[in-house]
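Participant: Sequence below, structure please.
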Amino acid sequence: MCKAHVLRFCCGHGVLMGFDVCRLAPCPILKTTGVKLPQQPYKCYNCQNRLSNLSSTMSSSRAGCDSSMSSRDSASSQGSSASPPRSPIARTKTSAPLPGGIARQPTECSMLSRRSTWNDSLPAKAFAFSCCSSSHFVTPHYMILPNHLPHQDHSCPPCQLEELRMRADREATASAKAEYPHLTGEMLVSDGRVWEDWQTKPTLEGYIDEKRSDERQMWLHVTRKWTQDLKKLRVLVAEEDGLGLLG
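Facilitator: Numbers count the residues shown, from 1 in each chain. Here you go, the predicted structure:
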């Protein structure tokens, strides 16, 4: 059975770390596993951004209210000489305590997660897949991960899936070339249909294109099914068939 290795965060969301796909063909049912992938004691990148945007919106709203009250107090102090001008109340920011048993994420992880490009300023020992380079970088979901986690000896999940598709395409081409010299009418029909005498045998190029198209359709169906199943399990995957992470 095909497996998807998923890393979980304390918010319940997960990210794909890699695939183990059956050699013969991908299975429609994908089993998720988190072997050697301990749950991280902080929220995923999406939840962090959502909380950050919410706090910044609330801060802007409070600042607008403070400014409005300050201007109103200033206007009333100018209209009445008996009352002295009021000074704005100093407010201090207090961070809400985290639930029990959850460690606060290090500050450097939050700073690193907001970087949108891969550059030389990143730590040399940051988590990285084997496909990471100056022209190809992982999404911020992976940049916040510690470097002691496994799955750094292969490509990232989207690249790994693309490699599997390319390998399947090559195998379909080779199989079509091997079958073509021995091709019969019965091999060209399906669903119990009969090969008619007026039908002509396809060319080698046409037969190869047909086999490659069948392979692409099969992978499209399987990855769409995987995407639906992973989304139900709160794994961050894209809507399309690429199984890339949500930005």
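Participant: Just to be sure, residue 47 is in a helix?
Facilitator: Yes: applying DSSP: H, G, I helix; E, B strand; the rest coil, one finds residue 47 inside a helix.
Participant: Would you mind measuring from it to residue 11?
Facilitator: 5 Å (Cβ to Cβ, to the nearest Å). The way it works is simple: take the backbone N, C-alpha and C, and place the C-beta from them, glycine included.
Participant: go on, residue 162?
Facilitator: From residue 162 to residue 11 the distance is 29 Å (Cβ to Cβ).
Participant: do the same with residue 235
Facilitator: 12 Å.
Participant: Between those two, tell me which one has more neighbours.
Facilitator: Counted by other Cβ atoms under 10 Å, residue 235 and residue 11 do not tie: residue 235 has more neighbours, with 22 against 17.
Participant: who touches that one in this structure?
Facilitator: 4, 6, 13-16, 32 (Cβ atoms under 8 Å, 6 or more residues apart in numbering).
Participant: Can you tell me which of those comes closest to residue 138?
Facilitator: The nearest member of those to residue 138, counting by Cβ to Cβ, is residue 15 at 10.0 Å.
Participant: May I have the beta-bridge partners of the closest one?
Facilitator: Beta-bridge pairing for residue 15 (DSSP bridges): residue 7.
Participant: which residues touch it?
Facilitator: Taking Cβ under 8 Å, 6+ apart, one finds 6-7, 9, 44, 141-142, 235-236, 245 in contact with residue 15.
Participant: Which residues are in contact with residue 16?
Facilitator: By Cβ under 8 Å, 6+ apart, residue 16 lies in contact with 4-6, 157, 230, 235-237, 243, 245.
Participant: From those residues, which land in strands?
Facilitator: Applying DSSP state E to those, the entries found in strands are 4-6.
Participant: which one of those has the most neighbours?
Facilitator: residue 4 (24 neighbours).
Participant: Which parts of the chain are helices?
Facilitator: In the chain, the segments counted as helices under DSSP state H are 45-79, 107-113, 140-143, 157-179, 204-232.
Participant: distance of the residue nearest to residue 27 when sequence neighbours are not counted from residue 161?
Facilitator: Closest residue to residue 27 apart from its sequence neighbours, by Cβ to Cβ, 6 or more residues apart in numbering: residue 2 at 4.3 Å. In this view, residue 2 and residue 161 are 11 Å apart by Cβ to Cβ.
Participant: Settle it for me: which of the two has more neighbours?
Facilitator: residue 161 (22 against 16).
Participant: Would you agree the more buried one is in contact with residue 19?
Facilitator: Yes: the pair residue 161 / residue 19 is scored as a contact, 6.7 Å apart, by Cβ atoms under 8 Å.
Participant: Excluding chain neighbours, what is closest to residue 126?
Facilitator: Residue 126's closest residue in space is residue 147 (Cβ to Cβ, 6+ apart), at 6.0 Å.
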